[in-house]
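Undergrad: Would you be able to build a 3D model of this:
(2 chains)
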Amino acid sequence: MEPELATTIAFYVFALLAIASSIGVVANKNPVASAMCLVATFVAVAGLYLTLSATFLAAVQILVYAGAIMVLFLFVIMLLNLSHDTFEGISVRRTMGGAVAFAFIFISIGLLWGTGPAPGEAMSVRPGTGLEIGRTFLKDYVFPFEMASLLLLVAMIGAIVVARRPKLVGGDR
Amino acid sequence: MSVFHYYVVAAILFSIGAGGFLLRRNILVMFMSVELMLNAANLCLVAASSSFDLARGSSFALVSIAVAAAEVGVGLAIIIAWFRLRPSVDAGDLQELRG
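TA: Numbering: from 1, shown residues only, chains lettered A, B, ... in the order given. This next block holds a predicted model:
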């Protein structure tokens, strides 16, 4: 099989998997099932990164999203004991919200139409590899890189402070 | 594959996420929809980065993954803290700050 054809088939498989499982996230009654569909979406998006030759980002996507973030989600669902069905009825206002979101598909496709290289042109792919990303971060974007690590530290401390039981502080709150 | 195919997939994923955020009232499912939208934006960035043959878009996608991780940590901590005050995950019950 030609590599071009294999990439095309992989793209359609992962794209359909991503769209189907993201509908599953929104439509499932059970939050745990939603979280499992979200894992499938993340894996499918990682596959789409692979068809773009963004190998490093695909690995980070699996590690951070499908690994860390989803474990956090499932942990909170289990901690709060929410694994029962919670589907709310459909109101007029929220139906309008769904219509707006559906219209957004066409708005965003219309905005993106004709941007970038000519459609149909084969992409020359390479820039997503770890080598290129590391070079970009350590040559041009050292400061944003350090800011990202500072942000993660601040978020970690903030999450601990917010989620801690107030009575453990010493009764002053 | 042209870059436009990836844009279409990203637009559909973003719209499903936006629809989930607007339609659902379970605050955790709303949060998952936000993650879907972030993923769609990342997919757009990586596709554009590949088509323009620049590593900058992929680097920015990496920063946005870091921001998403921080956001999930703080957001879930807020949900836990709120759940301790009032055991409900319905966004309609979040009216403590209504004037």
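
Undergrad: pull the longest helix from chain A.
TA: helix A:3-27 (DSSP state H).

Undergrad: I'd like the average pLDDT over whichever helix or strand comes after that one.
TA: Later in the chain than helix A:3-27, the nearest helix or strand by DSSP states H and E is helix A:31-51. For helix A:31-51, mean pLDDT rounds to 92.

Undergrad: chain center to helix A:31-51: distance?
TA: 8 Å (CA atoms, centre = their mean, to the nearest Å).

Undergrad: Is that helix in proximity to chain B?
TA: Yes - Helix A:31-51 lies within reach of chain B by CB under 8 Å from any CB of the partner chain, at A:31, A:34-35, A:38, A:41-42, A:45, A:48-49, A:51. Bear in mind the C-beta positions are built from the backbone N, C-alpha and C, glycine included.

Undergrad: Mind putting the residues you listed into JSON lines with neighbour count?
TA: Putting the residues of helix A:31-51 next to chain B into JSON lines (neighbours: other CB atoms under 10 Å in any protein chain shown) gives the following:
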{"residue": "A:Pro31", "neighbour count": "25"}
{"residue": "A:Ser34", "neighbour count": "24"}
{"residue": "A:Ala35", "neighbour count": "21"}
{"residue": "A:Leu38", "neighbour count": "27"}
{"residue": "A:Thr41", "neighbour count": "29"}
{"residue": "A:Phe42", "neighbour count": "24"}
{"residue": "A:Val45", "neighbour count": "31"}
{"residue": "A:Leu48", "neighbour count": "27"}
{"residue": "A:Tyr49", "neighbour count": "28"}
{"residue": "A:Thr51", "neighbour count": "25"}
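
Undergrad: export these to TSV and tack on distance to B:Val29?
TA: Output for these, formatted as TSV (distance: CB to CB, whole Å):
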residue	distance to B:Val29
A:Pro31	6
A:Ser34	5
A:Ala35	9
A:Leu38	10
A:Thr41	13
A:Phe42	16
A:Val45	19
A:Leu48	23
A:Tyr49	25
A:Thr51	29
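
Undergrad: So for A:Thr95, what's the nearest residue that isn't a sequence neighbour?
TA: B:Leu23 (8.0 Å; CB to CB, 6 or more residues apart in numbering or on different chains).

Undergrad: give the contact list for that neighbour.
TA: A:26, A:90, A:94-95, A:97-98, A:101 (CB atoms under 8 Å, 6 or more residues apart in numbering or on different chains).

Undergrad: In this structure A:Ile133 contacts B:Ala55, no?
TA: Yes - using CB atoms under 8 Å, A:Ile133 is in contact with B:Ala55, at 5.7 Å.

Undergrad: what's the pLDDT at B:Ala70?
TA: Listed pLDDT for B:Ala70 reads 93.

Undergrad: any idea which helix or strand carries it?
TA: Here B:Ala70 is assigned to helix B:56-85, by DSSP H and E.

Undergrad: Which strands and helices lie in contact with that helix?
TA: For helix B:56-85, the elements it packs on are helix A:55-60, helix A:70-79, helix A:130-139, helix A:142-163, helix B:27-51, judged by 3 or more CB pairs under 8 Å, 6 or more residues apart in numbering or on different chains; DSSP states H and E.

Undergrad: And it, what's buried?
TA: Across helix B:56-85, burial judged by 16 or more other CB atoms under 10 Å in any protein chain shown covers B:56-66, B:68-83.

Undergrad: where in chain A is pLDDT low?
TA: Applying pLDDT under 70 to chain A picks out residues A:1, A:83-90, A:114-128, A:167-173.
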